[in-house]
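Asker: just coords:
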């Protein structure tokens, strides 16, 4: 088996090698992916996949053997199929949302739709008006129905089990969840089905009499014993906030359930992997990484949990080693060995586990899809997400960590131009948006790769407040928008200078959304550190932003806005201190302001006010506005123009990038 994979890998590697004398065109980075995600049907007859087309993300179905496209689902301009799955052998469900701009956060008007593989019998399943619904089981023995959890805002998140007809959308509440305590609120908030599609594991949360004070909160785990009776166990917690509890899997013998949680951690927490033993009624921590949360479960051929995915820099899997998991683990490891320096994942299987879709990705590879035949142990190529991308022309992405000025460990990654001397490089600091709960991860990033292709070192930092490093790390960003979160970016910039990889005279900062805010705030807070800044879709006046944005409209919008202002910057009294428009007199760096006129998450009024203040202060600047764009440019032609303007601007102020090392 290993020999087959090794031969395959060598063939793929050699076929991808090409001369890198010519720089890749902008379109390589700006083009929409041809394949975003892919899933095989239960019997293996069809492959469903999502793809970008203009401003839309559509879904198509192809016959597996012939590769013939038999249907395509188009929901109109700016409508995106955000997720999908097969509900029986020839019917697929899709969640559709509205997005204008790649970071759009508006009310996305979600719609849940089902249709046959050939495009017939479309049916709206749910419109999410006031209630949420999600599938938890396909019900393999009942092809007309799926098992869903339905919750309504008025129930504070309590989940109710429902059988949903995937052909006519008729719903029926059913028994199956365990009984919560009489006065528990909200009650059962999560369930997990066993390998037989029956609910076997659930989590109950009781916020107590005081909804704000966590001291009287309680959590409980429910499971079905060997007599099919529900047993309830208290989940002890030492936290002063509601603990994270995510149900992620069950063992092949259905005697062990698994969940990730931080309930046992008072400080410096990350979500670890816990095992609940139904026979001994015991809860045991079986794995925790000290720096990062465990992100999701890795499911095996029997639908059992075989491991957990995490990213402590590079992606990896922590496996649950036992006899039932051995075959799946061996196959996963063999596949990983065939694609060196890439991450390999089985993302979809047939019901008999004989065929599987495998996705391969890396820092230089946006993603490729293969079909794995479990009988022959062979892979066959299906498709590439972006076939125009040549791995040999892409830059390596290297994780790093450092201590911030107050001692907090922070994490990030460098995209390093190829074939250059890694010393005194011109650098672009590229902070992510969000900012809370969001993070940059190892992989192929179109904008970072575009910049690196022209010789610029790119630094991305997961500053405090970012997600994936434990709840405490995220909460360390509380009240620190523009303060310690900004200092983290400064510290990382100086770190890159101090280790000699970045040229202190050639530093620029560029980001989108919160990254746009941070890019503008950086050059007024640290006017001598950066030579230029490219803020894109940024917040520049805190109070005006939240008055005009879509974020806090609707019932109790004012209350939510007040809460967020307190959480982000410590209250309205800090608006002038944290808003860059009030400090443009300190500006020394060159400035290129980018914004979309249809942006509702961060309205373009932010950019207009910034212009007004810059003019009053006599500060020069450049702008690139596109009326039809939303929160981040999403149209291919506009991305090409944007990338061209960014590179001209960088070349003028810190460029023209690092020179290539001449090969002998």
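Answerer: The structure has been received and is ready for your questions. These figures come from a predicted structure and were not determined experimentally.

Asker: ramachandran angles for residue 271?
Answerer: phi -80, psi 120 (degrees, to the nearest 10).

Asker: close enough to count as contact, it and residue 239?
Answerer: No: the pair formed by residue 271 and residue 239 falls short of the contact definition of C-beta atoms under 8 Å, at 11.8 Å. C-beta: built from backbone N, CA, C; applies to glycine.

Asker: list residues touching both of those two?
Answerer: Contact criterion C-beta atoms under 8 Å, 6 or more residues apart in numbering; residues shared by residue 271 and residue 239: residue 262.

Asker: looking at the two, which one has more neighbours?
Answerer: A direct count of neighbours by other C-beta atoms under 10 Å for residue 271 and residue 239 places residue 271 higher, at 26 against 19.

Asker: doesn't residue 85 belong to a strand?
Answerer: Yes: counting by DSSP: H, G, I helix; E, B strand; the rest coil, residue 85 is part of a strand.

Asker: could you give the bridge partners of it?
Answerer: Taking DSSP bridges, one finds residue 93 as the beta-bridge partners of residue 85.

Asker: show me where the stretch 451-600 of the chain has helices.
Answerer: With DSSP state H, counting those that start in this stretch, the ranges of helices along the stretch 451-600 of the chain come out as 471-475, 484-498, 514-525, 542-548, 557-569, 575-578.

Asker: pass me the low-pLDDT residue ranges in the protein, would you?
Answerer: 1-21, 100-107, 130, 153-157, 181-183, 210-215, 663-664 (pLDDT under 70).

Asker: walk me through the domains of it.
Answerer: Per the record, the chain has its domains at 1-30+315-389, 395-653, by automatic domain parsing.

Asker: just the helices in the protein please.
Answerer: 2-16, 26-30, 326-338, 446-453, 471-475, 484-498, 514-525, 542-548, 557-569, 575-578, 605-617, 636-653 (DSSP state H).

Asker: residue 191 is nearest to which of those helices?
Answerer: Distance to residue 191, taken as C-beta to C-beta, is lowest for helix 471-475 among the helices of the chain, at 22.9 Å.

Asker: so what's the nearest residue to residue 277 once chain neighbours are set aside up against?
Answerer: Ranked by C-beta to C-beta, 6 or more residues apart in numbering and with sequence neighbours excluded, the top spatial neighbour of residue 277 is residue 256, at 5.8 Å. By C-beta under 8 Å, 6+ apart, the contact list for residue 256 reads 250, 275-278.

Asker: rewinding a little: mean neighbour count and distance to residue 246 for the domains of the chain - can I get that in a markdown table?
Answerer: A markdown table is the format used below for those (neighbours: other C-beta atoms under 10 Å; distance: least, C-beta to C-beta, whole Å):
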| stretch | mean neighbour count | distance to residue 246 |
| --- | --- | --- |
| domain 1-30+315-389 | 16 | 15 |
| domain 395-653 | 20 | 12 |
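
Asker: now render these as JSON lines, adding distance to residue 91.
Answerer: Formatted as JSON lines, these follow (distance: least, C-beta to C-beta, whole Å):
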{"stretch": "domain 1-30+315-389", "distance to residue 91": "14"}
{"stretch": "domain 395-653", "distance to residue 91": "30"}
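
Asker: do you know which of those domains lies nearest residue 44?
Answerer: Of all the domains of the chain, domain 1-30+315-389 comes closest under C-beta to C-beta, at 4.3 Å.

Asker: before we move on, the earlier item: closest to residue 201 out of the helices of the chain?
Answerer: Closest among these, using C-beta to C-beta: helix 326-338, at 20.6 Å.

Asker: packing partners of that closest one?
Answerer: helix 2-16, strand 305-310, strand 316-319, strand 343-349 (3 or more C-beta pairs under 8 Å, 6 or more residues apart in numbering; DSSP states H and E).

Asker: just the buried ones among the contacts of residue 256, please.
Answerer: 250, 275-276, 278 (16 or more other C-beta atoms under 10 Å).

Asker: which one of those residues is nearest residue 318?
Answerer: For the buried ones among the contacts of residue 256, the nearest to residue 318 is residue 275 (12.9 Å; C-beta to C-beta).

Asker: gap between the closest one and residue 187?
Answerer: Distance of residue 275 to residue 187, given as C-beta to C-beta, to the nearest Å: 24 Å.

Asker: hmm, back to that, can you name the two of the contacts of residue 256 that sit furthest apart?
Answerer: 250 and 277 (11.8 Å).

Asker: any idea what residue 247 is bridged to?
Answerer: Going by DSSP bridges, residue 247 forms beta bridges with residue 259.

Asker: out of the domains of the chain, nearest to residue 293?
Answerer: For the domains of the chain, the distance to residue 293 is smallest for domain 395-653, at 5.3 Å, taking C-beta to C-beta.

Asker: how far off centre is the closest one?
Answerer: 18 Å (C-alpha atoms, centre = their mean, to the nearest Å).

Asker: and it, end to end?
Answerer: 23 Å (C-alpha to C-alpha, to the nearest Å).

Asker: same question for stretch 41-57.
Answerer: Where stretch 41-57 begins and where it ends lie 20 Å apart, using C-alpha to C-alpha.

Asker: so how far is that stretch off the chain centroid?
Answerer: That offset, for stretch 41-57, works out to 20 Å (C-alpha atoms, centre = their mean).

Asker: other residues contacting stretch 474-485?
Answerer: Stretch 474-485 is contacted from outside by 241, 404, 406, 408, 435-437, 463-467, 514, 517-518, 521, 525, 566-570, 577-578, using C-beta under 8 Å, 6+ apart.

Asker: just the terminal-to-terminal distance for stretch 304-323.
Answerer: End-to-end for stretch 304-323, by C-alpha to C-alpha: 12 Å.

Asker: same list, the contacts of residue 256, but as a markdown table with distance to residue 508 please.
Answerer: As requested, the contacts of residue 256 are arranged in a markdown table below (distance: C-beta to C-beta, whole Å):
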| residue | distance to residue 508 |
| --- | --- |
| 250 | 50 |
| 275 | 48 |
| 276 | 51 |
| 277 | 55 |
| 278 | 57 |
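
Asker: inside strands: which ones of those?
Answerer: 250, 275-277 (DSSP state E).

Asker: just the endpoints, please. Distance across stretch 613-622?
Answerer: End-to-end for stretch 613-622, by C-alpha to C-alpha: 14 Å.

Asker: so which of the domains of the chain gets nearest residue 303?
Answerer: So among the domains of the chain, domain 1-30+315-389 is nearest, using C-beta to C-beta, at 8.8 Å.
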